[in-house]
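**Q** Sequence plus predicted model, see below.
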Number of protein chains: 2
Amino acid sequence: MTLENRHLENEYYTQAEHGDYELFDLGDFELASGQRIPDCKLAYQTHGKLNQKKDNAIVFPHMYSGTHRDMEMYVGEDMAIDPKEYFVIMPNQLGNGLSTSPHNTPPQDGGMGNFPDVNIEDDIRAQHKLVTEEFGIEEIELVLGWSMGAQQTYEWAVRYPEMVKRAAPIAGTAKVTPHDRLFIDAHMEAIRSDPAWNDGFYDDPHAVITGLKRHAQIWSVMGLCTQFYHYEERAWEQAGFTSVEDLMANFWEDWFLRMDPNDLLAMAKKWQHGDVSRNTDGDLEAALGRIEAKTFVMPFEEDMFFPVSDCAHEESMIPDSELRPIPSLWGHFAMFGIFEEDKQAIDDNIRDLLETPV
Amino acid sequence: MTLENRHLENEYYTQAEHGDYELFDLGDFELASGQRIPDCKLAYQTHGKLNQKKDNAIVFPHMYSGTHRDMEMYVGEDMAIDPKEYFVIMPNQLGNGLSTSPHNTPPQDGGMGNFPDVNIEDDIRAQHKLVTEEFGIEEIELVLGWSMGAQQTYEWAVRYPEMVKRAAPIAGTAKVTPHDRLFIDAHMEAIRSDPAWNDGFYDDPHAVITGLKRHAQIWSVMGLCTQFYHYEERAWEQAGFTSVEDLMANFWEDWFLRMDPNDLLAMAKKWQHGDVSRNTDGDLEAALGRIEAKTFVMPFEEDMFFPVSDCAHEESMIPDSELRPIPSLWGHFAMFGIFEEDKQAIDDNIRDLLETPV
């Protein structure tokens, strides 16, 4: 069963596009805000097999605008996350289009412009139910994720410190920074300012194309780094694009234009309010101090959203942690592994962490 | 005489707001594009007196969204640019609201949405006429400017190398980078997407408030640096703002909301096409190699528009040059001198340059 046809049709959010995945039934799910999502479903995919001792699990959530599929390149028999060895659970965020989301929930049931505000901790509580109730797992070998996946990794490690043996927050922060909040405001406003968005009540997600294009445009400014765009280095050519215009159309717009505007906004709001210190009455040091996991904090050196200094600041508050910055001209998008050496560097760090005894 | 009442009233572009200034008559001015501006006026202000030998002139153009007034803080008896010693000419960009601009030109004469595309070289040719014809100056002690002022500085030094003895391009580039072009696209689109903009034909500039607010929002993301916005350092408090929201309203919006949308767009387009290599058939090295001025290239270390690496790349092609990076949490806006040490560091470098014999 999928949620594909529960409301607005969108060929992007289908098994044809995303491969097989499962739905975990969260029932009438109460959010941190006190609001509820009735008949809430958490979509997830798994790789490998859970062993008898149930001690080989990895949880690998995804970033903004993503699904489980986008992180699959880091799972493979030649990779650190080897499905012959590990049982890899890849949960989809609430609101991402595969789990219960604005576009697949009818407005009268709280969908579209009526979708409630979801927080990172709601995702982690949902994932915790999946991990413990569906699979009976009590300890997780590694939780890792990129960007909003890093937010989820931090929330896992702070909320359930006794369960998480290793953590790799990649290019993301435990507490959203004021600068990120401004950036998120700007790219949300790019969508919401399109009259076709109509406060979240549209008949066709693709009619919001002007807003989605503006959204892609703002991402193009902040998503990579200035050096990537240098006219002599022409890094876009190494990535297979003939020009910056080609990159704009066939990378940035191609990525976002197929998606549902409300689903993007649901994730953006969640990102904008990510803060593990809600677990400790606003005390970030206390929250990060709770982490028991061996933690590799892995910022990307040219990341314009999450500069190394912001990540290092948080790393300094985590007891058993190392800062592992990764250089890449792809800025925040190094994780896409479009340059093979970026993917290799990330995989090498994951391997180091998995091989570190805890 | 001013252009204040030639078309749309806007209390921002008045002598009441900007102090006294002069208008230089460019007549029927032909642009690099081949288009013409009939009855074209260049607004300018001067400080100090031109000496008898006419060898004490400084030319100090301004940045995007600016006027002569915004750089006046760097002219004073206790400053490197001392009006007792120097004759300081502060030209206003074509399109800036005081010189001939979209808002002060009636549409039937090429104003508002009909304003022609102006390039940086048009400004410099206009300024050259002012400097040589109005004042009979043959050599300039120093040309300097910040951001689009740096673009103008480079154009002066490349186009009239024999006239410019010293040059200080501050936080700007001789050739616009692809990344800047994307950023400029995004902030232009913020204005143009407001239905009230109406392709440049509006009755009231302040009706375009939604577009101007979005424009301010995008500037807030790129204009300072992530470290400025750090929630523990709270640099905005040192600058007199109580919160990021207060900074947004009383710095970013307060700055842009009084301005004319078409005037901003005219300057943005000009910025987007800045490129001194048009003087040398696209050969940037040849263009910068023409510079005879002793040149201090002064990037700001945390500038997200013009990173030190982009400025250093250009500096390496200028024969008699030094790279003088200036640290500041204010990113691109260090020039505003809101932190006294930023203003001091900039002034110290200008003093060093003026004291360097050439």
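**A** Happy to help now that I have it.
**Q** By mean pLDDT, which helix or strand of chain A comes out lowest?
**A** Comparing every helix and strand of chain A by mean pLDDT, DSSP states H and E singles out helix A:235-238 as the least confident one, with a mean of 86.
**Q** What is that helix packed up against?
**A** Counting contacts by 3 or more Cβ pairs under 8 Å, 6 or more residues apart in numbering or on different chains; DSSP states H and E, helix A:235-238 packs against helix A:244-247. Quick note: C-beta positions are derived from backbone N, CA and C, even for glycine.
**Q** Flag every buried residue along the helix it packs on.
**A** Neighbour-count burial for helix A:244-247, counted by 16 or more other Cβ atoms under 10 Å in any protein chain shown, picks out A:244, A:247.
**Q** So is it next to chain B?
**A** Yes: for helix A:244-247 and chain B, the contact criterion (Cβ under 8 Å from any Cβ of the partner chain) is met by residue A:244.
**Q** The helix or strand hosting residue A:121: what's the following helix or strand?
**A** Element membership for residue A:121 (DSSP states H and E) is helix A:120-129. Using DSSP H and E, the helix or strand that follows helix A:120-129 towards the C-terminus is strand A:142-146.
**Q** tell me the angle the first helix or strand past that next one going along the chain makes with strand A:142-146.
**A** Of the helices and strands lying after strand A:142-146 in sequence (DSSP H and E), the nearest is helix A:148-159. Angle of helix A:148-159 versus strand A:142-146, following axes from the mean of the first three to the mean of the last three Cα atoms, to 10 degrees, is 140 degrees.
**Q** Any residue of helix A:148-159 touching chain B?
**A** No: figure legend: helix A:148-159 not in contact with chain B (Cβ under 8 Å from any Cβ); closest approach 15.6 Å.
**Q** What helices and strands are in contact with that helix?
**A** So helix A:148-159, by 3+ Cβ pairs under 8 Å, 6+ apart, packs with helix A:120-129, strand A:142-146, strand A:166-170, helix A:261-272, helix A:284-289.
**Q** how many neighbours does residue A:193 have?
**A** By the criterion of other Cβ atoms under 10 Å in any protein chain shown, residue A:193 has 19 neighbours.
**Q** Pretty sure it sits against residue B:214.
**A** Yes: between residue A:193 and residue B:214 there is a contact at 6.6 Å, judged by Cβ atoms under 8 Å.
**Q** so what sits against both of these two?
**A** Shared contacts of residue A:193 and residue B:214, defined by Cβ atoms under 8 Å, 6 or more residues apart in numbering or on different chains, are found at B:193, B:194.
**Q** which bits of the stretch 251-358 of chain A sit near chain B?
**A** A:304, A:305, A:307, A:309, A:310, A:313.
**Q** could you redo the last one with a cut-off of 6 Å?
**A** By the rule Cβ under 6 Å from any Cβ of the partner chain, the part of the stretch 251-358 of chain A lying against chain B is residue A:307.
**Q** the helices in the stretch 251-358 of chain A, which residues?
**A** Assigned by DSSP state H, counting those that start in this stretch, the stretch 251-358 of chain A shows helices spanning A:254-256, A:261-272, A:284-289, A:308-315, A:340-355.
**Q** from the ones you listed, which stretch is densest packed?
**A** Ranked by mean neighbour count, the helices of the stretch 251-358 of chain A are led by helix A:261-272 with a mean of 24 (mean count of other Cβ atoms under 10 Å in any protein chain shown).
**Q** chain center to that one, what's the gap?
**A** Centroid separation for helix A:261-272 versus its chain: 11 Å, with Cα atoms, centre = their mean, to the nearest Å.
**Q** Show me the contact partners of it.
**A** A:64, A:95, A:97, A:101-103, A:112, A:115, A:117-118, A:120, A:148, A:181, A:184, A:188, A:191, A:197, A:200, A:205, A:208 (Cβ atoms under 6 Å, 6 or more residues apart in numbering or on different chains).
**Q** Helices - which of those residues land there?
**A** If you go by DSSP state H, the contacts of helix A:261-272 have A:120, A:148, A:181, A:184, A:188, A:191 in helices.
**Q** Among those, which one sits closest to chain B?
**A** Chain B has its nearest neighbour among these in residue A:181, at 7.3 Å by Cβ to the nearest Cβ.
**Q** okay, now that closest one: neighbour count?
**A** Around residue A:181 there are 17 other residues, counting by other Cβ under 10 Å.
**Q** got it, and residue A:195?
**A** So residue A:195, with other Cβ under 10 Å, has 11 neighbours.
**Q** Identify the residue nearest it in space, chain neighbours excluded?
**A** Spatial nearest neighbour of residue A:195, excluding adjacent residues (Cβ to Cβ, 6 or more residues apart in numbering or on different chains): residue B:195 at 7.6 Å.
**Q** and the direction of the helix or strand encompassing residue A:218 versus that of helix B:209-223, what angle?
**A** In this structure, residue A:218 sits in helix A:209-223 according to DSSP H and E. If you take the same axes, to 10 degrees, helix A:209-223 sits at 20 degrees to helix B:209-223.
**Q** Give me the contact status of helix A:209-223 with chain B.
**A** Yes: under the criterion of Cβ under 6 Å from any Cβ, helix A:209-223 makes contact with chain B via A:214, A:217, A:218, A:220, A:221.
**Q** now the first one, nearest residue through space, not along the chain?
**A** Closest residue in space to residue A:214, ignoring its immediate chain neighbours: residue A:190 at 3.8 Å, by Cβ to Cβ, 6+ apart.
**Q** I figured that neighbour was touching residue A:216, is that so?
**A** No: here residue A:190 does not reach residue A:216: they are 8.5 Å apart, not a contact under Cβ atoms under 6 Å.
**Q** Quick check: end-to-end length of stretch A:88-105?
**A** Between the opening and closing residues of stretch A:88-105 lies a distance of 28 Å (Cα to Cα, to the nearest Å).
**Q** again with stretch A:149-168
**A** Using Cα to Cα, one end of stretch A:149-168 lies 10 Å from the other.
**Q** Mind listing what's buried along it?
**A** By neighbour count on 16+ other Cβ under 10 Å, the buried set for stretch A:149-168 is A:149-160, A:163-168.
**Q** just to revisit the earlier point, from the ones in helices among the contacts of helix A:261-272, which shows the smallest pLDDT?
**A** Here the lowest pLDDT out of the ones in helices among the contacts of helix A:261-272 sits on residue A:181, with 92.
**Q** what residues are up against that residue?
**A** Residues near residue A:181 by Cβ under 6 Å, 6+ apart: residue A:272.
**Q** ok, 8 Å please
**A** A:272, B:244.
**Q** One more: the one 5 residues further on?
**A** With contacts defined as Cβ under 8 Å, 6+ apart, residue A:186 is in contact with A:218, B:214, B:217, B:218, B:220, B:221.
**Q** again with residue A:115
**A** Residues in contact with residue A:115 (Cβ under 8 Å, 6+ apart) are A:95, A:101, A:102, A:105, A:200, A:262, A:266.
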